[in-house]
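Asks: let me see the structure of the following:
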Amino acid sequence: MDVPPPAPAVSMLTSMRAKRWFTDTPVADEELRQVLEAGRWTGSARNRQPWRFVVVRSHAVRQQLASLGAYAGHLATAPVVIALGVEEDAGGEDAQFDAGRAAQNMMLAAHLQGLGSCPASFFPAANADRAGVLCGLTPPWRVRTAISFGHPAPPPPGTSAIPTGRLPLTQLVTEIS
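Replies: Down below sits the predicted model:
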């Protein structure tokens with residue numbers, strides 16, 4: 001499949017990368033509002049909107065959230081974190097997928113404003129339950145994901161354990177004619 005170079009909008013989408021290191025500069029209220037609006041306007045199955053967004057600025061709570069995921073350390077150092085509360089029962093089988101759509105939209109909105117972001121997952125289920133408690137949510141709401149937001153800082157020196165790059169389309173796409 002011969003594909004032309006990406007259009008400018010696609011280039012903006014493909015340039016977004018997870019940012020795990022942030023400066024001390026606070027995220028402005030208007031920047032945060034734009035991120036939250038992008039989440040609010042995300043589509044969902046049957047327009048159920050099975051999510052709630054908990055804005056976490058408390059350093060103590062961010063540190064506790066950071067301890068609930070194997071790769072969640074960046075939550076402790078970000079100026080602001082948004083935890084995604086999901087009501088899986090009312091949201092149906094699509095609830096977590098829809099929450100992922102909202103998370104991606106918020107991350108893209110942050111990227112368009114020059115902010116960095118990175119998602120973190122809370123597993124096992126007891127960690128997700130603890131995250132919900134820390135965020136003031138009670139069942140049926142559950143927090144499996146939180147996203148750090150802030151002004152990007154350079155990563156510390158050293159080699160990352162996380163691979164870079166993407167598989168080529170030839171390995172990802174199958175076409176049926």
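Asks: which stretches in the chain count as helices?
Replies: Counting by DSSP state H, one finds helices in the chain at the ranges 8-14, 29-40, 59-66, 74-77, 88-91, 95-112, 125-134, 169-172.
Asks: give me the average confidence score over the third one.
Replies: For helix 59-66, mean pLDDT is 98.
Asks: that helix - contacts with which helices or strands?
Replies: Other helices and strands packing on helix 59-66, by 3 or more CB pairs under 8 Å, 6 or more residues apart in numbering; DSSP states H and E, are helix 74-77, strand 80-87, helix 125-134. For every residue, glycine as well, the C-beta is placed using N, CA and C.
Asks: closest to P168 out of these?
Replies: helix 74-77 (28.9 Å; CB to CB).
Asks: deepest-packed of the helices and strands packed on helix 59-66, please.
Replies: Compared across the helices and strands packed on helix 59-66, strand 80-87 shows the largest average neighbour count, a mean of 24 (mean count of other CB atoms under 10 Å).
Asks: partners of that one, with directions?
Replies: strand 51-56 (antiparallel), strand 141-150 (antiparallel) (DSSP bridges).
Asks: contacts only, for G100.
Replies: Shown in contact with G100 (CB atoms under 8 Å, 6 or more residues apart in numbering): T145.
Asks: in the protein, what spans have low per-residue confidence?
Replies: Applying pLDDT under 70 to the chain flags the ranges 1-6, 16.
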